[in-house]
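everything below, folded, please.
(one chain, ligands or ions: 2)
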Amino acid sequence: MQTETLRWADRFPELGTGPLPTAPYTSSDYFARERGRIFSRHWLYACRTDDVEEPGSYFVRDLPHIPASIVITRAEDGRIRAFHNVCRHRGNRLADGQGRSRRLTCNYHGWTYAPDGSLVGVPDEDQFVGLDRSKCGLRPVAAETWQGFVFINLQDAPKESLEDFLGPLGRRISDFPYGDMQRVVRFRAELATNWKTAMDIGREGYHIRFVHRATVPDSHAGGDNPYAHLPYFDIIGPHAANSLGVNPNHEPSPAESFVTRFASTVIQRGDAGAGQPACLNPGGAEFWGFDAYFIFPNLGLILGPNWFNADVFIPISVDRTIWEQSFYARPPRNAGERISQEFSSVLSRDLIREDWAQVERVQSGLASGAIGEFHLSDQELLVRHAYRTIDNLVS
Ligand code: FES
Ligand SMILES: [Fe+2]
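Numbering: from 1, shown residues only. Ligands and ions are numbered 1, 2, ... in the order given. Next comes the predicted model:
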């Protein structure tokens with residue numbers, strides 16, 4: 001029974017209101033099509049430019065579902081490039097993790113590459129007949145940056161630039177001072193869940209009252225908004241946005257009261273006023289916490305007052321996903337700000353662990369095949385939007 005006007009579904013009627021099939025979350029065949037039509041064709045977030053800050057820096061982004069491994073480098077000319085992380089000799093995996101080195105050296109037979117991808121050293125080269133070094137550089141992958149975010153594209157010739165792909169969304173949130181912030185902490189887990197199940201938990205606030213009741217009992221869900229209704233949703237092509245409000249009557253804990261004297265935290269009421277970039281709180285919520293942007297297909301960008309999170313979801317298989325969250329803030333100017341960031345880090349860790357446990361429970365339920373449909377509320381609009389966007393591409 002419908003008890004109130006569906007505020008958001010009425011605004012986005014093309015998304016519909018009916019139940020949606022669960023099969024795309026458990027079907028290996030569907031997953032194979034997502035790999036071919038989404039992950040092999042769209043711009044994918046790889047790292048921040050400050051992960052490859054200096055000439056010689058490299059960062060490896062593994063994409064096990066493709067499968068592919070990509071190494072992002074910065075060369076002497078300052079340019080950021082990406083390559084398949086595969087030695088041209090006999091195909092060994094070249095680099096691991098991240099680091100800085102004048103040369104990337106293959107650990108199998110010692111071929112060496114410069115950060116611009118060129119092959120610069122072949123041990124015992126006389127033993128090769130007709131080897132043309134100039135044709136044996138690392139195989140390049142398209143890489144472009146937006147606001148310090150490095151994206152890669154596995155198509156040989158991407159159909160659209162990163163700028164065109166981000167479109168109006170990229171322009172809308174380009175005044176946020178990403179470059180003034182540095183990574184405070186990174187959380188990463190390999191989860192027994194589908195990548196959509198993992199992302200869906202962040203697309204709604206409905207779960208907050210239940211999943212996060214021990215960690216943030218009333219800072220978002222409470223007072224006049226017991227179910228943490230989100231004050232704002234928007235859809236920008238394949239991308240989407242929402243905002244999370246805060247409960248103005250939330251009683252801060254003693255620790256929270258202490259740390260918020262120094263800096264904003266991930267649960268505090270956001271100050272979208274003086275000194276904050278104009279892009280924040282686009283819905284003009286009275287009690288605003290932060291904004292979330294879902295950059296298709298697998299990046300979640302959370303923009304708060306003087307901090308942001310980047311959440312990347314990397315599928316491994318239909319029921320395994322890597323979820324990596326990085327929390328960024330301005331470099332602390334004093335011990336108080338440092339402690340405040342530590343408070344946010346610990347709280348974020350607790351919250352993400354609750355989400356991690358939850359999305360595995362959901363996947364195990366879906367895998368049983370006991371239910372064939374999801375029933376989504378008006379507040380789960382972005383779950384529906386993601387579903388439709390993906391389904392339109394793969395069906
Ligand atoms: S596979 Fe890299 S040097 Fe042989
Ligand atoms: Fe959550």
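
can you find the helix or strand of this structure with the lowest average pLDDT?
helix 254-259 (a mean of 88; mean pLDDT, DSSP states H and E).

tell me the helix or strand right after it.
Moving toward the C-terminus from helix 254-259, the next helix or strand (DSSP states H and E) is strand 288-295.

ok so, going back, now the least confident helix or strand of the chain: buried residues?
Neighbour-count burial for helix 254-259, with 16 or more other CB atoms under 10 Å as criterion, is recorded at 256, 259. The C-beta positions use only the backbone N, C-alpha and C, and glycine is treated the same way.

shaky segments in the stretch 251-395 of the chain?
269-274 (pLDDT under 70).

show me what residue of it gets nearest to ligand 1.
Closest residue of the stretch 251-395 of the chain to ligand 1, CB to the nearest ligand atom: residue 316 (24.8 Å).

list the contacts of the spatially closest residue to that residue that is not a sequence neighbour.
Nearest non-adjacent residue to residue 316, counting by CB to CB, 6 or more residues apart in numbering: residue 64, 4.7 Å away. Contact partners of residue 64, counting by CB atoms under 8 Å, 6 or more residues apart in numbering, are 314, 315, 316, 322.

and if we set it to 10 Å?
190, 314, 315, 316, 317, 320, 322 (CB atoms under 10 Å, 6 or more residues apart in numbering).

looking at those, which are in strands?
190, 314, 315, 316, 317, 320, 322 (DSSP state E).

beta partners of the last one?
Spelled out, that is residue 322. residue 190, residue 314 (DSSP bridges).

separation between it and residue 151?
In this view, residue 322 and residue 151 are 17 Å apart by CB to CB, to the nearest Å.

and the third one, by the same measure?
Note on residue 315: its distance to residue 151, by CB to CB, is 17 Å.

those two - which one has more neighbours?
The residue with more neighbours, out of residue 315 and residue 151, is residue 315; 25 against 22, by other CB atoms under 10 Å.

which ones are touching the more buried one?
31, 34-35, 38-39, 63-66, 193-196, 198, 297-298, 321-322.

of those residues, buried ones?
Judged by 16+ other CB under 10 Å, buried ones among these: 31, 34-35, 38-39, 63, 65, 193-196, 198, 297-298, 321-322.

which of the residues you listed sits closest to ligand 1?
For the buried ones among the contacts of residue 315, the nearest to ligand 1 is residue 63 (20.5 Å; CB to the nearest ligand atom).

domains in the chain, as residue ranges please.
7-25+170-394, 44-157 (automatic domain parsing).

got the end-to-end distance for the longest one?
Yep, that's domain 7-25+170-394 we're talking about. End-to-end span of domain 7-25+170-394 (CA to CA, to the nearest Å): 29 Å.

and if you look at the shortest one?
The straight-line separation of the ends of domain 44-157 (CA to CA) is 15 Å.

wait, does that domain contact ligand 1?
Yes. Against ligand 1, domain 44-157 shows contacts by CB under 6 Å from any ligand atom at 87, 89, 90, 92, 106, 108, 109, 110, 111.

which parts of the chain sit against ligand 1?
87, 89, 90, 92, 106, 108, 109, 110, 111.

in strands only, show me these.
Using DSSP E, none of the residues of the chain next to ligand 1 sit in strands.

need the residues you listed in CSV with pLDDT and neighbour count, can you?
Below are those laid out as CSV (pLDDT from 0 to 100; neighbours: other CB atoms under 10 Å):
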residue, pLDDT, neighbour count
87, 98, 24
89, 98, 16
90, 98, 10
92, 98, 14
106, 98, 21
108, 98, 13
109, 98, 13
110, 98, 13
111, 98, 24
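
need the max-distance pair from these.
90 and 110 (12.0 Å; CB to CB).

overlap in contacts, these two.
In contact with both residue 90 and residue 110: no residue, using CB under 10 Å, 6+ apart.

am I right that residue 168 sits in a helix?
Yes. The assignment for residue 168 is a helix, going by DSSP: H, G, I helix; E, B strand; the rest coil.

for it, which non-adjacent residue is closest in space?
Using CB to CB, 6+ apart, the nearest residue to residue 168 is residue 236, at 5.7 Å.

got it, and residue 196?
In space, residue 196 is closest to residue 25, 5.8 Å off (CB to CB, 6+ apart).

report the buried residues of stretch 375-384.
376, 377, 378, 379, 380, 381, 382, 383, 384.

over to stretch 362-371?
362, 363, 366, 367.

if we can go back for a sec, quick check, nearest of the buried ones among the contacts of residue 315 to residue 348?
residue 198 (15.9 Å).

tell me what the one helix or strand the closest one maps to is packed against?
Using DSSP H and E, residue 198 sits in helix 195-200. Contacts defined by 3 or more CB pairs under 10 Å, 6 or more residues apart in numbering; DSSP states H and E place helix 195-200 against helix 28-34, strand 182-191, strand 299-304, strand 307-317, strand 320-329, helix 335-367, helix 381-394.

I'd like the next helix or strand past the longest one.
Using DSSP H and E, the helix or strand that directly follows helix 335-367 along the chain is strand 373-374.

same for that following strand, what does it pack against?
Using 3+ CB pairs under 10 Å, 6+ apart, strand 373-374 sits against strand 20-21, helix 381-394.

so how far is the last one off the chain centroid?
This means helix 381-394. The chain centroid and the centroid of helix 381-394 are separated by 17 Å, computed with CA atoms, centre = their mean, to the nearest Å.

may I see the buried residues of that helix?
Those would be 381, 382, 383, 384, 385, 386, 387, 388, 389, 390, 393, 394, for helix 381-394 by 16+ other CB under 10 Å.

then stretch 178-193?
Those would be 178, 181, 184, 185, 187, 191, 192, 193, for stretch 178-193 by 16+ other CB under 10 Å.

who are the packing partners of whichever helix or strand residue 81 is part of?
Taking DSSP H and E as the criterion, residue 81 maps to strand 80-84. Packing contacts for strand 80-84, counted by 3+ CB pairs under 10 Å, 6+ apart, involve strand 44-48, strand 57-63, strand 68-74, strand 140-146, strand 149-153.

what angle separates that strand from strand 57-63?
Relative orientation of strand 80-84 versus strand 57-63 (axes from the mean of the first three to the mean of the last three CA atoms, to 10 degrees): 40 degrees.
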